[in-house]
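Chemist: give me the fold of what follows.
(one chain, ligands or ions: 1)
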Amino acid sequence: MLDIRELYSSLQTVKILQNIKMNEIIEKNDQAEMPRHIAIIMDGNGRWAEKSGKIRVKGHEAGARTVDRIVTLCVEIGVEVLTLYAFSSENWQRPALEVSALMGLLRHYLKRETKRLIEQGIRLHAIGRLDRLDAKVRRELAEACQKTAAGKKMTLNLAISYGGRDEICDAVSALCRKVQAGELDCDVIDDEMLTAHLGTAGLPDPDIMIRTGGEYRISNFLLWQLAYTELYFSDTLWPDFAKEEFLQIIDNFQRRERRFGRVLQLPDSKLNPEPGSNHE
Ligand code: FPP
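Modeler: Numbering: from 1, shown residues only. Prediction:
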């Protein structure tokens, strides 16, 4: 028979070992360059629920608990911006019951978390076609954004009713209106100007984009902003996504070489080998 004291003590040992590992990773992360902006496609809630014989909404509820864990961790380790894909423009096509459950979860989150966001120094921001949201949700979201506006530690950017193509079209329309009004010359429109007309204006581009749930797609997420972002795809379903895996992804990011289309700086001896030397 299983001795409960033995089981308890081995569980404690596992916990202690996990904590040591986590602390090691956090310490290592402290020394290396922290990503400024992390963007996440939180996929796999539905499958998580189905796997354990629950309705899909239960998966979204469990997903909201993962949101809490990851937001807290991001503030702790000094991430400046965390963008979460909470509801895509395509998600409106889901069954009405699921849409309304997701909206309910969002409202619940705002109600439950606004105070904690203020305490943690987190500014809430939202991108997407927010005019499609129910007036009540829109008002509560605007209120939460306004109440947390002074947060300096991190921006939590929620993509809601969001589509990357919509966002680019909206930016182009805004620029066209300025051209029509005679305020802008077509020839001066460049990368920087379009960037300044996106929902993410003022935020740095993501350094890391993580998608959980085992699919290898971008799914209309931050299409413009992900141009030079490092991509990570995890098989873990979002409700199971743990702090440790997240920190491991950051650790992996810190080992990647980001060239932004340039070549690495080579030592002069490699660029201009002396005549007769063996340099390639
Ligand atoms: C994708 O999983 C997830 C969503 C469409 C919604 C994400 C929402 C949450 C994590 C909870 C609420 C968020 C906040 C910020 C409070 P899926 O349903 O497509 O999963 P599947 O691919 O397994 O079906």
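Chemist: the residue in the chain that the ligand sits nearest to: neighbour count?
Modeler: Residue nearest to the ligand within the chain: residue 46 (2.6 Å; C-beta to the nearest ligand atom). Every residue, glycine included, has its C-beta placed from N, CA and C. By the criterion of other C-beta atoms under 10 Å, residue 46 has 20 neighbours.
Chemist: can you check residue 148 too?
Modeler: 22.
Chemist: hmm, residue 116 and it touching each other?
Modeler: No. If you go by C-beta atoms under 8 Å, residue 148 and residue 116 don't touch, sitting 10.0 Å apart.
Chemist: now the nearest residue to residue 164 once chain neighbours are set aside: how far from residue 199?
Modeler: Nearest residue to residue 164, sequence neighbours excluded (C-beta to C-beta, 6 or more residues apart in numbering): residue 223, at 3.3 Å. From residue 223 across to residue 199, the span is 12 Å (C-beta to C-beta, to the nearest Å).
Chemist: OK, contacts around the closest residue in space to residue 260 that isn't next to it in sequence?
Modeler: Ranked by C-beta to C-beta, 6+ apart and with sequence neighbours excluded, the top spatial neighbour of residue 260 is residue 228, at 5.3 Å. Residues in contact with residue 228 (C-beta atoms under 8 Å, 6 or more residues apart in numbering) are 205, 258, 260, 261.
Chemist: adding distance to the ligand and neighbour count, write those residues out as TSV.
Modeler: As requested, the contacts of residue 228 are arranged in TSV below (distance: C-beta to the nearest ligand atom, whole Å; neighbours: other C-beta atoms under 10 Å):
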residue	distance to the ligand	neighbour count
205	21	18
258	28	11
260	30	6
261	32	6
